[in-house]
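# no FASTA, just this:
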């Protein structure tokens, strides 16, 4: 995790602050890895769907090129998501009290400290957060529902 090294250093040195640039840098790594997990789980669920529901066509469907494309798309969407939030966060101005009451730099905590209008940031958090949650979740549920229906159709031996 990107937050653990700084958290361990804070506990060791008893210093509970982080410079703004390091905080933005931490967010640039924290946000994409959080979204990447969701998309990679969806890719793995699709792989299991193809393996169980189309076992004879598995090697023709799940080619190396498709696997690379799915992983690359997961990385691209996650990185664009992180860059968008970072670019929306950088121009904000912050009030006098800029102490974060968290162990690490969190986007929501930084937005609470801002004196600027954060309505655009909140809109993108809702839109992109919904996409990063519901799109992979829909793919995972859809894959496993399809797998379940295929398994239930298989006649049992008595």
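Cool, got the structure. Everything numeric in this text was worked out from a predicted model, so none of it was measured.
# From here on, just use CA atoms for contacts and neighbour counts.
Fine.
# Centre-most residue in the protein?
residue 35 (1.0 Å; CA atoms, centre = their mean).
# In which helix or strand does residue 71 reside?
helix 64-89 (DSSP states H and E).
# what does the average pLDDT come to for the strand or helix carrying residue 109?
Per DSSP H and E, residue 109 falls inside helix 107-113. Averaged across helix 107-113, the pLDDT comes to 80.
# by contact count, what packs against that helix?
The contact analysis (3 or more CA pairs under 8 Å, 6 or more residues apart in numbering; DSSP states H and E) places helix 107-113 against no helix or strand.
# Distance of the residue nearest to the centre of the chain relative to residue 45?
16 Å (CA to CA, to the nearest Å).
# got it, and residue 122?
From residue 122 to residue 45 the distance is 30 Å (CA to CA).
# and what of residue 59?
16 Å.
# Between these two, tell me which one has more neighbours.
A direct count of neighbours by other CA atoms under 10 Å for residue 59 and residue 45 places residue 45 higher, at 21 against 12.
# Who are the packing partners of the helix or strand containing that one?
Assigned by DSSP H and E, residue 45 falls within helix 20-53. Taking 3+ CA pairs under 8 Å, 6+ apart as contact, the helices and strands that helix 20-53 lies on are helix 58-61, helix 64-89, helix 119-153.
# Nearest approach to residue 113 belongs to which of those?
helix 64-89 (11.2 Å; CA to CA).
# just the angle between that closest one and helix 20-53, please?
150 degrees (axes from the mean of the first three to the mean of the last three CA atoms, to 10 degrees).
# could you give the angle of helix 64-89 to helix 119-153?
150 degrees.
# For helix 64-89, what does the pLDDT average out to?
92.
# give me phi/psi at residue 62?
Per-residue torsions, residue 62: phi -90, psi 70 (degrees, to the nearest 10).
# Can you verify my assumption that it contacts residue 48?
No - applying CA atoms under 8 Å as the test, residue 62 and residue 48 come out as separate, 10.3 Å apart.
# So for these two, which sits in the more crowded spot?
residue 48 (18 against 15).
# Roughly how far does the residue nearest to the centre of the chain sit from residue 93?
With CA to CA as the criterion, residue 35 and residue 93 are 26 Å apart.
# returning to that earlier point: who's in contact with the residue nearest to the residue nearest to the centre of the chain when sequence neighbours are not counted?
Spatially, and ignoring its direct neighbours in sequence, residue 35 is nearest to residue 78 (5.4 Å; CA to CA, 6 or more residues apart in numbering). Applying CA atoms under 8 Å, 6 or more residues apart in numbering, we find residue 78 in contact with 31-33, 35-36.
# Thanks again, I'm all set now.
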